[in-house]
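Asks: make a model of this:
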Amino acid sequence: MNQGTEDVIKVMIVDDHVLYRAGVRTALSIKKDIQVIAEADNGLHLMNMLKGGIAPDVILLDIQMPVMDGITTLPEVKKLYPQIKIIMLTLLDDQSMVTRLMELGANSYLVKTSDAETIYDAIKTCYKQEFYFNTLTNKALLNNLRQKNTPQVRLPQEDAQLTEKEITVLRLMCEEKSTREIAEAVELSPRTIEAIRDRLKTKTGTKSTAGLIMFAVRNKLLKEDL
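Replies: Take a look at the predicted model:
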């Protein structure tokens, strides 16, 4: 086993702006666990490269491109290459677009003004945990679920019995509090909060923070002023 390259994440950048691609490539080049293996300037170009044997772990995919845009490309890639994680890039902070893209299979959604560390974190998190959720995606998912009487997301254990402490932690998570902030609010250690979060996932049958937020909304566990 080649230990040095075992955990290197192969990334592809798909954007019609050459300078943006160059900027992201340069920013990621200093990360030893990231390797930018290819670039494309539209969705058709991407599809041809994938069919030609290019095999990225994560694709940074711009939404607005000529010939074949990101919205059209996303479901095509997911259908043919479901193992590839896709992070959508856009100039717009658009919550309705977030929910649409997540429903189409996007693993994250970033505005193109995101700094290099945010892009790096998103790539790493999507690769290891499938999804990267940030303030924008969490708010969009929450608002989308609140507007629907019958959310499409199936939650396997809707009758999960949670303790008052677990509900309090879950509510604070929905307020986008950090682990440290939650720990201070309920007077527990950050490690204990992490344990409660893991227990919440087990009890509710969810796998991510977004799944827990959806569970809270579906089961009306949020405070009215959230």
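Asks: next, the buried residues of stretch 48-67.
Replies: Buried residues in stretch 48-67, counting neighbours by 16 or more other CB atoms under 10 Å, are found at 49-50, 56-63, 65. C-betas here are computed from N, CA, C, even on glycine.
Asks: measure it end to end?
Replies: 13 Å (CA to CA, to the nearest Å).
Asks: which ones among the buried residues of stretch 48-67 lie within strands?
Replies: Among the buried residues of stretch 48-67, DSSP state E puts 58-62 in strands.
Asks: for L19, state which of those is nearest.
Replies: The nearest member of these to L19, counting by CB to CB, is D62 at 12.7 Å.
Asks: now that closest one: how far from R21?
Replies: Distance of D62 to R21, given as CB to CB, to the nearest Å: 9 Å.
Asks: shared neighbours, these two?
Replies: Shared contacts of D62 and R21, defined by CB atoms under 8 Å, 6 or more residues apart in numbering, are found at D15.
Asks: can you list contacts of stretch 69-84?
Replies: If you take CB under 8 Å, 6+ apart as the criterion, stretch 69-84 is touched by 14, 42-43, 46-47, 50, 56-59, 61-64, 86, 88-89, 100-101, 104-106.
Asks: kindly apply the preceding question to stretch 200-207 instead.
Replies: 130, 155-157, 160-162, 166, 169-170, 208, 211-212, 214-215.
Asks: pull out the buried residues from it.
Replies: 200-201, 203-204, 206.
Asks: following the least confident helix or strand in the chain by mean pLDDT, which helix or strand comes up?
Replies: Within the chain, no helix or strand scores below helix 135-147, which has a mean of 65 by mean pLDDT, DSSP states H and E. Past helix 135-147, further along toward the C-terminus, the next helix or strand under DSSP states H and E is helix 164-174.
Asks: helices or strands next to the helix or strand following that following helix in the packing?
Replies: Of the helices and strands lying after helix 164-174 in sequence (DSSP H and E), the nearest is helix 179-186. Packing partners of helix 179-186 (3 or more CB pairs under 8 Å, 6 or more residues apart in numbering; DSSP states H and E): helix 164-174, helix 190-204.
Asks: want to try JSON lines for the ones you listed, with distance to S29 and mean pLDDT as columns?
Replies: Converted to JSON lines, the helices and strands packed on helix 179-186 look like this (distance: least, CB to CB, whole Å; pLDDT from 0 to 100):
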{"stretch": "helix 164-174", "distance to S29": "35", "mean pLDDT": "88"}
{"stretch": "helix 190-204", "distance to S29": "33", "mean pLDDT": "90"}
